[in-house]
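# Make a model of this:
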Amino acid sequence: MTKYVFVTGGVVSGLGKGIVAASLGRLIKQRGYKVASVKLDPYMNVDPGTMNPVQHGEVYVTDDGAETDLDLGHYERFIDEPLTKFSNLTSGRVYQRVIDRERNGEYGGKTVQIVPHVTDEIKAFIRAGAKESGAQVLITEIGGTTGDIESRPFIEAVRQFGLDVGRENCVFIHVCLVPYISGSDEYKSKPVQHSVKELMGMGIAPDVIVTRSDGDCGEAVREKISLFCCVDRDCVIPSLTVPCLYEAPLMLHDGGLDKVVCRKLKLRGKCDLKEWKRLIGRANKRKGEVEIAIVGKYVSLHDSYLSVVEALNHASFAEGVFVKVRWVDSEEIERTGAEKALRGADGVLVPGGFGVRGTQGMIDACEWARNNGVPYFGICLGMQIAVIEFARHVAGIADATSGEFGEGSKVIDILPDKKGKRIGGTLRLGAYPCAVLPGTRLASVYGSSAVSERHRHRYEFNNAFLPALTKAGLRVGGTSPDGSLVEAIETDGAFFVGVQFHPEFTSRPNRPHPIFRAFVAAAKEYKVKK
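Coordinates of the predicted model:
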């Protein structure tokens with residue numbers, strides 16, 4: 001029988017519930033159990049696919065093409081298990097399903113209500129997540145903060161779920177902020193008490209409380225929380241700010257999180273963290289620094305490019321050098337010029353995005369990198385930008401552009417099967433095979449002639465311009481297996497690579513993506529020469 005863990009949050013949002021859930025997943029996996037994760041999001045969007053990245057952060061794409069919450073990226077990076085469309089559920093999708101069923105007459109004329117119809121739909125999704133993954137332990141995080149009006153159906157559903165499977169088969173973890181008051185130089189437990197009281201008022205008594213604070217709140221505060229919140233003393237677990245994100249599992253293990261969860265679920269096995277400790281050892285041995293300029297249109301919220309930054313970090317562990325990210329707003333380049341914004345950078349990375357805003361600044365950044373021999377890496381939109389820049393300034397196609405940006409020579413154009421479709425859920429999504437062409441930089445990086453990478457786009461290289469661009473020196477590094485879609489481009493000389501897919505989604509801390517590693521290595525080499 002599958003065991004279940006439910007993670008809720010209190011006091012404020014953004015406490016790192018996802019990191020706690022992901023870290024616990026890794027710890028239980030290291031005890032020999034198969035683990036999977038689910039994220040329940042209270043917002044009314046059907047999925048995050050149409051949400052502004054500045055509001056919500058990045059959209060994380062799974063192998064099967066689900067557009068999901070960025071927390072699934074944390075889960076996959078920590079647990080190293082592929083997640084699916086059964087790993088993320090929103091209120092919008094729940095209500096859409098319930099209304100569709102009602103319209104189809106599936107409720108037999110009954111009055112459709114939050115309880116039981118909406119809550120039953122949520123519970124069915126959790127059970128489906130367990131069945132599809134084959135997990136022995138399923139960890140489910142409920143988004144938002146306890147007390148939010150939109151999250152109440154999810155809280156009620158997991159309360160019922162505990163009764164359905166038996167309390168010996170599920171654990172409730174509540175992550176709360178313990179604020180520090182500088183005036184009195186003390187940590188305060190009262191917000192935790194109020195949050196737990198709110199949760200208990202909804203019928204859930206947490207088994208474990210994780211206290212989130214920058215520093216150690218102290219034994220006396222944890223004892224007070226234990227007493228007033230009715231949890232065992234060893235079930236109040238500190239979660240502190242750590243120098244490296246991937247130290248979180250070790251920190252929570254030292255605090256006893258996996259020990260108390262496994263005790264309550266009657267799980268056995270010793271937690272083997274030797275490999276994870278070696279990873280942290282490599283991270284702590286890094287010396288020196290390379291500066292990578294990430295040129296994007298959503299840089300006001302760094303979470304918009306979360307997986308890209310983490311993939312750079314993974315590469316930095318392997319290459320033994322720190323990566324310092326310089327955030328560059330592409331519209332700022334349009335105002336002040338690329339030289340001022342990028343001078344001194346050891347590499348330029350243009351990530352994905354949608355729409356015409358800021359794209360001229362990206363093109364200017366790409367031209368600056370190519371002309372100065374600075375390593376350039378373009379991802380999705382970043383590859384399209386590289387094609388447009390090369391077409392304009394090398395191949396002599398002065399009006400080269402993308403069909404997404406406006407009129408001109410559309411060296412990038414919409415995929416034929418995506419014309420006229422709605423925005424949400426109609427992109428080319430998920431994992432697709434890529435044939436790596438022999439003799440290319442991509443082939444030397446991958447060491448393989450065939451790979452699989454995740455996609456999220458509706459515009460693609462226009463093959464009508466392929467002869468002119470290859471004659472000018474642009475090289476195709478990878479295509480779809482039938483050769484009909486260009487998946488990667490590159491040039492001779494300095495590192496200049498663009499890929500239509502999103503390699504950041506499959507990078508792992510102990511297994512960095514080879515293109516990211518090659519890019520960081522090229523930045524190291526460039527800095528030495530510089």
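# where do the helices sit along the stretch 101-250 of the chain?
Under the criterion DSSP state H, counting those that start in this stretch, helices of the stretch 101-250 of the chain are mapped to 119-133, 152-165, 190-201, 219-229, 248-254.
# what's the helix or strand following the shortest one in contact with?
Elements were assigned by DSSP states H and E; along the chain past helix 248-254, the next helix or strand is helix 257-265. Contacts to helix 257-265, defined as CB atoms under 8 Å, 6 or more residues apart in numbering, come from residues 3, 5, 20, 23-24, 27-28, 31, 137, 168-171, 173, 207-208, 210, 232, 234-235, 237, 252-253, 267-269, 271. Yep, even glycine has a C-beta here, placed from its N, CA and C like the rest.
# Report the buried members of those residues.
Those of the contacts of helix 257-265 that meet the buried threshold are 3, 5, 20, 23-24, 27-28, 31, 137, 169-171, 173, 207-208, 210, 235, 237, 252-253, 267, 271, by 16 or more other CB atoms under 10 Å.
# Which secondary structure element of the protein has the lowest mean pLDDT?
helix 53-56 (a mean of 82; mean pLDDT, DSSP states H and E).
# Of all the residues in that helix, which ones are buried?
53, 56.
# Now do it: everything it contacts.
Taking CB under 8 Å, 6+ apart as the rule, helix 53-56 contacts 48, 59, 70, 298, 300-301, 303-304, 353.
# can I get these in JSON lines with neighbour count?
Listed next are those as JSON lines, based on neighbours: other CB atoms under 10 Å:
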{"residue": "48", "neighbour count": "23"}
{"residue": "59", "neighbour count": "25"}
{"residue": "70", "neighbour count": "19"}
{"residue": "298", "neighbour count": "22"}
{"residue": "300", "neighbour count": "11"}
{"residue": "301", "neighbour count": "15"}
{"residue": "303", "neighbour count": "15"}
{"residue": "304", "neighbour count": "25"}
{"residue": "353", "neighbour count": "22"}
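# Kindly indicate which of those lies nearest residue 99.
residue 48 (20.4 Å; CB to CB).
# just to revisit the earlier point, okay, the contacts of helix 53-56 in CSV with pLDDT and secondary structure next?
Putting those into CSV (pLDDT from 0 to 100; DSSP: H, G, I helix; E, B strand; the rest coil) gives the following:
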residue, pLDDT, secondary structure
48, 87, helix
59, 95, coil
70, 93, coil
298, 93, coil
300, 86, coil
301, 84, coil
303, 91, helix
304, 94, helix
353, 93, coil
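# ok, these vs residue 107, which is closest?
Set against residue 107, the nearest of the contacts of helix 53-56 by CB to CB is residue 48 (28.8 Å).
# what separates the closest one from residue 244, distance-wise?
27 Å (CB to CB, to the nearest Å).
# what mean pLDDT does stretch 368-380 have?
The pLDDT scores in stretch 368-380 average 97.
# May I see the buried residues of whichever strand or helix holds residue 443?
Secondary-structure assignment from DSSP H and E places residue 443 in helix 441-446. Going by neighbour count (16+ other CB under 10 Å), the buried part of helix 441-446 is 441-442, 445-446.
# again with stretch 391-402
Buried residues in stretch 391-402, counted by 16+ other CB under 10 Å: 391-393, 395, 397, 400-402.
# Counting only strands, which of these make the cut?
With strands taken from DSSP state E, the overlap with those comprises 400-402.
# Phi first, then psi, for the residue nearest to residue 29 when sequence neighbours are not counted.
In this structure, residue 29 finds its nearest non-sequential neighbour in residue 35, 4.8 Å apart by CB to CB, 6 or more residues apart in numbering. As for residue 35, its main-chain torsions (degrees, to the nearest 10) stand at phi -120, psi 140.
# Burial check on residue 35, number of neighbours?
Around residue 35 there are 26 other residues, counting by other CB atoms under 10 Å.
# before we move on, the earlier item: which two among the contacts of helix 53-56 are spaced furthest apart?
Checking those with CB to CB, the most distant pair is 48 and 300, at 17.7 Å.
# picking that back up, can you say which of the helices of the stretch 101-250 of the chain is nearest to residue 276?
Nearest of these to residue 276, taken as CB to CB: helix 248-254 at 6.2 Å.
# what sits against residue 11?
145, 176-177, 179, 191-192, 194-195.
# out of those, who's nearest residue 520?
Nearest member of the contacts of residue 11 to residue 520, counting by CB to CB, is residue 177, at 34.9 Å.
# and the closest one, how many neighbours does it have?
Residue 177 - counted by other CB under 10 Å - has 22 other residues nearby.
# So which of the contacts of helix 257-265 belong to strands?
Applying DSSP E to these, the entries found in strands are 3, 5, 137, 170-171, 173, 208, 210, 237.
# List just the nearest of those residues to residue 520.
Distance from residue 520 was checked for each of those by CB to CB. The minimum falls on residue 210, at 33.4 Å.
# burial measure for the nearest residue to that closest one once chain neighbours are set aside, as a count.
Once flanking residues are discounted, residue 210 sits nearest to residue 175: 4.5 Å by CB to CB, 6+ apart. Using other CB under 10 Å, residue 175 has 28 neighbouring residues.
# same question, the one 5 residues further on
Here the neighbour count serves as a burial measure; for residue 180 (other CB under 10 Å) it reads 14.
# Show me what it is bridged to.
residue 187 (DSSP bridges).
# OK, contacts around it?
So residue 180 contacts 186-188, 213-215, 217 (CB under 8 Å, 6+ apart).
# do you know how far the most centrally placed residue in the chain is from residue 87?
Computing the C-alpha centroid of the chain and ranking residues by CA atoms, centre = their mean puts residue 73 first, at 3.2 Å. Noted for residue 73: a distance of 11 Å to residue 87, by CB to CB.
# again with residue 311
In terms of CB to CB, residue 311 sits 20 Å off from residue 87.
# Which positions in stretch 273-280 come out as buried?
273, 276, 279-280.
# Which member of those residues is positioned nearest residue 294?
residue 279 (23.8 Å).
# Can I get the buried part of the contacts of residue 180 as one ChimeraX selection?
Applying 16+ other CB under 10 Å to the contacts of residue 180, the buried members can be selected in ChimeraX as follows:
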select :187,188,213,217
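# Contacts only, for the residue nearest to residue 248 when sequence neighbours are not counted.
Distances taken as CB to CB, 6+ apart place residue 23 nearest to residue 248, at 4.6 Å, with adjacent residues excluded. Taking CB under 8 Å, 6+ apart as the criterion, residue 23 is in contact with 78, 248-249, 252, 257.
# which of these has the most neighbours?
Going by other CB under 10 Å, residue 249 tops the contacts of residue 23 with 29 neighbours.
# what pLDDT does the nearest residue to it once chain neighbours are set aside get?
Ranked by CB to CB, 6+ apart and with sequence neighbours excluded, the top spatial neighbour of residue 249 is residue 23, at 4.1 Å. Residue 23 is assigned a pLDDT of 98 by the prediction.
# Which parts of the strand or helix carrying residue 365 count as buried, going by neighbours?
Using DSSP H and E, residue 365 maps to helix 359-372. In terms of neighbour count (16+ other CB under 10 Å), helix 359-372 has its buried residues at 359-370, 372.
# Quick check: which ranges of this protein have low pLDDT?
Low-confidence segments of the chain, defined by pLDDT under 70: 420-425.
# Any figure for the gap between the residue lying farthest from the centre of it and residue 102?
Centroid-distance maximum for the chain: residue 109 at 41.6 Å, with CA atoms, centre = their mean. Distance, residue 109 to residue 102, using CB to CB: 10 Å.
# And for residue 6?
From residue 6 to residue 102 the distance is 28 Å (CB to CB).
# Looking at these two, which has the bigger crowd around it?
It is residue 6, of residue 6 and residue 102, that has more neighbours when counted by other CB under 10 Å, with 28 against 15.
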